[in-house]
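Asker: this one's structure only:
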């Protein structure tokens, strides 16, 4: 299973919407016995998100964010970028209408597919549905 950035960000701050849901999802993923993956893009997106102000939180100091990034790299298997990921990204961009910020999600899908990973844990299923049967969404619901 691949874990999207939007699971890590609320899991980090208990005042974030869906923090408890995100934390529980990470624990379940790690205890499932299934291989759990991220990519370096997830780490950089995480650093970007937690070090800027949120409506529910002040920015995290960079030293703390970097400590988290180190934990992420140690706790989860990193699927590396490379020529196969780039080829898959180009193919997806030709087949699926994407532009702008949507390329980040396309790159996650491309990374997963290039490494044979099909399951994605995310709060953002809407944007990933465009990849249809290529990936299976393990969609998390935010509490109302």
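Answerer: Yes, it's here. Since the structure is predicted, the reported quantities are computational estimates derived from the model, not experimental observations.
Asker: residue with max distance from the center of this protein?
Answerer: Ranking residues of the chain by C-alpha distance from their mean position (CA atoms, centre = their mean) puts residue 94 at the top, at 22.5 Å.
Asker: name the helix or strand for that one, please.
Answerer: Taking DSSP states H and E as the definition, one finds residue 94 inside helix 83-95.
Asker: what packs against that helix?
Answerer: Other helices and strands packing on helix 83-95, by 3 or more CB pairs under 8 Å, 6 or more residues apart in numbering; DSSP states H and E, are helix 102-114. Bear in mind the C-beta positions are built from the backbone N, C-alpha and C, glycine included.
Asker: give me the residues contacting the helix or strand that the helix it packs on is followed by.
Answerer: Elements were assigned by DSSP H and E; along the chain past helix 102-114, the next helix or strand is strand 119-122. Strand 119-122 is contacted by residues 1-4, 6-7, 25, 29, 34, 108-109, 112, 128, 135-140 when judged by CB atoms under 8 Å, 6 or more residues apart in numbering.
Asker: would you list every one of the strands in the chain?
Answerer: In the chain, the strands defined using DSSP state E lie at 2-3, 37-38, 77-78, 119-122, 136-139.
Asker: the closest residue to residue 138 other than its chain neighbours and residue 3, how far apart?
Answerer: Nearest in space to residue 138, with sequence neighbours left out and distances taken as CB to CB, 6 or more residues apart in numbering, is residue 121 at 4.5 Å. From residue 121 over to residue 3 the distance is 5 Å, taken as CB to CB, to the nearest Å.
Asker: hey, what's in contact with both of these two?
Answerer: Each of residue 29 lies in contact with both residue 121 and residue 3 under the rule CB under 8 Å, 6+ apart.
Asker: the more surrounded of these two?
Answerer: Relative neighbour count places residue 3 above the other of residue 121 and residue 3, with 25 against 21, counting by other CB atoms under 10 Å.
Asker: that one is in contact with residue 35, isn't it?
Answerer: No: here residue 3 does not reach residue 35: they are 11.2 Å apart, not a contact under CB atoms under 8 Å.
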